[in-house]
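Colleague: please work out how this folds:
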Amino acid sequence: MSNKKWRAVKLIVLATVLTLALGACSSKDSANSAPDNRNAVTAGAEGTDSSGQRPEHLPKDFPLPEDAVITTSHSEQNDGKKSVLLIFTSQEKLDKLADMYKDYFREQGIKDAAETIDEKNLIIQGDTADESWSLIGGALSAQEGTNELTLTWSEL
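Modeller: Take a look at the predicted model:
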């Protein structure tokens with residue numbers, strides 16, 4: 001996937017995450033509605049979607065909390081480059097998740113990672129020589145004590 005295409009994918013994912021976050025905050029009634037199972041949608045690329053399972057191309061050593069519930073799992077390969085979109089929830093505290101993922105990304109050799117980590121947000125983005133990573137997460141207002149994280153990963 002070219003840098004231009006990857007930037008477009010990142011913008012789409014970021015816009016989607018922001019839309020979901022704003023939607024979760026917009027109404028008290030949303031807490032009473034049935035949970036939705038969002039699925040990734042792609043066009044023009046060879047890919048697989050399967051909620052509830054680890055994405056096929058996700059690196060095997062990528063850690064998930066023991067209580068992770070995968071709501072979106074998508075892998076694709078385009079021009080020989082693999083990419084993944086993974087959305088999951090966890091009851092784990094955000095600071096503990098932040099520590100786990102900071103350690104993991106440090107072990108991967110991410111250089112010049114951009115981090116925003118506070119009591120409500122977890123954002124870690126960066127690249128290695130061969131991979132691009134972005135992890136964005138925060139609390140779900142409709143489900144107290146639940147954090148939702150969105151991971152995008154691709155080969156460069």
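Colleague: ok, Tyr101 touching Ile124?
Modeller: Yes - between Tyr101 and Ile124 there is a contact under Cβ atoms under 8 Å: 5.9 Å. In short, each C-beta sits where N, CA and C put it, glycine included.
Colleague: let's verify the residue lying closest to Asp49 once chain neighbours are set aside: helix, strand, or coil?
Modeller: Excluding the flanking residues, the one nearest Asp49 by Cβ to Cβ, 6 or more residues apart in numbering is His74, at 5.0 Å. Of the three states, His74 takes strand under DSSP: H, G, I helix; E, B strand; the rest coil.
Colleague: any idea how far Glu115 is from His74?
Modeller: Distance from His74 to Glu115, counting by Cβ to Cβ, to the nearest Å: 25 Å.
Colleague: okay, these two: which has more neighbours?
Modeller: Counted by other Cβ atoms under 10 Å, His74 and Glu115 do not tie: His74 has more neighbours, with 23 against 15.
Colleague: quick one: buried residues of stretch 104-118?
Modeller: Within stretch 104-118, the residues scored as buried using 16 or more other Cβ atoms under 10 Å are Tyr104, Phe105, Gln108, Ile110, Ile117.
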